[in-house]
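> Quick one, fold the following:
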Amino acid sequence: MAKLPTVDDVAAVAGVSRQTVSNVLNTPGIVRPSTRERVERAIADLGYRPHAAARRLRTRRSSTIGIHLDPYAGGISGVVLDRFVHALAERASERGMRLQLYAARSPAEEIARMGELTDGGEIDAVVITGTFHGDPRTRWLDEHGIPFVSFGRPWGEDDVSSPAHLWVDVDGAAGTRSATEHVLGIAGPRVAFLGWPSGSGTGDDRERGWIEAMAAAGATGRRLACEESVGLARAEVAELLADHSDVDGIVCVSDSLAIGAHLAAAAAGRADLPIVGFDNTPAVEAIGLSSVEQLPERVAAGVLDLLMGPTGSVVDPRPAAAGAAHVLVEPRLVVR
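Have a look, this model is predicted:
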């Protein structure tokens with residue numbers, strides 16, 4: 001069996017002392033950036049992994065990231081977050097970190113749980129999901145100086161040039177723009193959009209991609225809305241097809257709504273109507289619908305890069321500065 005690399009091996013490759021390697025692993029802020037980068041490059045090249053238990057005793061850090069586990073609500077849309085949590089756990093483990101899952105039924109309850117875990121020294125940082133306008137969790141984390149990254153942007157006036165905090169998100173507009181262009185290309189100019197009611201940051205962002213693609217093509221289409229429900233989507237599209245049989249295709253804000261739209265189209269004798277969902281869940285794959293895939297594995301990698309640096313093994317978040325505070329993952333259209 002090949003010998004595992006040691007701190008001494010890393011020091012030799014980087015041309016530094018053993019203490020400098022230890023400083024990079026445990027207190028990277030005191031090491032000159034050029035030296036730190038050289039050591040991090042040696043760590044990556046050698047595949048060195050510090051012993052997590054020893055490091056926790058030495059640094060008095062938990063080497064643990066807390067993440068909220070959403071309550072089970074059935075349906076289709078939880079698949080993306082499941083994939084994200086699994087990917088985050090795998091990639092964190094590769095860096096000698098662990099995940100601590102915790103449950104909460106409301107933002108207030110989640111804040112209480114985060115307080116308990118940080119006060120008890122059980123976690124070093126937090127990853128939150130499902131951000132929204134006026135999110136009290138991000139404000140509380142900022143006020144208490146707890147390192148965190150959100151899966152979901154702050155939804156401020158300018159999240160890129162003036163970021164409120166570190167965030168990773170999927171470019172929903174890019175996804176629906178690609179989906180709309182695809183339907184325009186294979187079906188015709190009358191492409192409808194089935195979204196959620198206005199006011200949802202994620203939903204509004206995805207709608208923007210449809211609007212931009214339609215405008216660029218000089219096309220027009222109906223905008224429909226309903227809550228996240230297969231049944232409500234089916235009713236909405238059934239009414240659309242009864243009144244407007246000239247619809248060429250439908251782009252949907254989620255896979256749940258796409259499945260409802262497909263059921264309505266099939267019932268109206270238009271089972272071949274092009275319908276595109278968003279999330280690329282096993283459900284749409286099973287029935288052969290195209291969908292936009294969020295690539296949650298790339299989101300997980302972006303979260304850890306912001307929290308720990310590209311090759312870091314301790315929590316060392318970047319400042320929330322323009323150009324360095326976010327990772328925007330471009331999704332891909334899966335055509336079936």
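
> List the residues that contact the residue lying farthest from the centre of the chain.
The outermost residue of the chain, judged against the average C-alpha position, is Ser17 (38.4 Å), by CA atoms, centre = their mean. Taking CB atoms under 8 Å, 6 or more residues apart in numbering as the contact definition, Ser17 lies against Ala11. Just so you know, the C-beta spots here come from the backbone N, C-alpha and C atoms, and that holds for glycine as well.

> Show me what counts as buried in the helix or strand containing Ile259.
Secondary structure from DSSP states H and E places Ile259 in helix 255-267. Of all the residues in helix 255-267, those buried under the rule 16 or more other CB atoms under 10 Å are Asp255, Ser256, Leu257, Ala258, Ile259, Gly260, Ala261, His262, Leu263, Ala264, Ala265.

> any idea where the helices of the stretch 101-250 of the chain begin and end?
In the stretch 101-250 of the chain, the helices defined using DSSP state H, counting those that start in this stretch lie at 107-119, 136-143, 172-186, 201-217, 230-243.

> quick one, the last one and helix 255-267 angle?
Looking back up the chat, that one is helix 230-243. Between helix 230-243 and helix 255-267, the angle comes out at 40 degrees (axes from the mean of the first three to the mean of the last three CA atoms, to 10 degrees).

> list the helices and strands helix 230-243 packs on?
Here helix 230-243 touches strand 191-195, strand 223-225, helix 255-267, going by 3 or more CB pairs under 8 Å, 6 or more residues apart in numbering; DSSP states H and E.

> Which one of those lies nearest to Ala108?
helix 255-267 (27.4 Å; CB to CB).

> Can you list the neighbours in contact with that closest one?
If you take CB under 8 Å, 6+ apart as the criterion, helix 255-267 is touched by 75-77, 194-195, 226, 228-238, 240-241, 250, 252, 271, 273, 275-281, 283-284, 287, 289, 291.

> Buried ones among those residues?
Neighbour-count burial within the contacts of helix 255-267 applies to 76-77, 194-195, 226, 228, 230, 233-234, 236-238, 240-241, 250, 252, 273, 275-281, 283-284, 289, 291; the criterion is 16+ other CB under 10 Å.

> on that earlier part again, any chance of the helices of the stretch 101-250 of the chain in a markdown table, plus distance to Ala12?
Shown next, in a markdown table, are those (distance: least, CB to CB, whole Å):
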| stretch | distance to Ala12 |
| --- | --- |
| helix 107-119 | 38 |
| helix 136-143 | 40 |
| helix 172-186 | 45 |
| helix 201-217 | 49 |
| helix 230-243 | 60 |
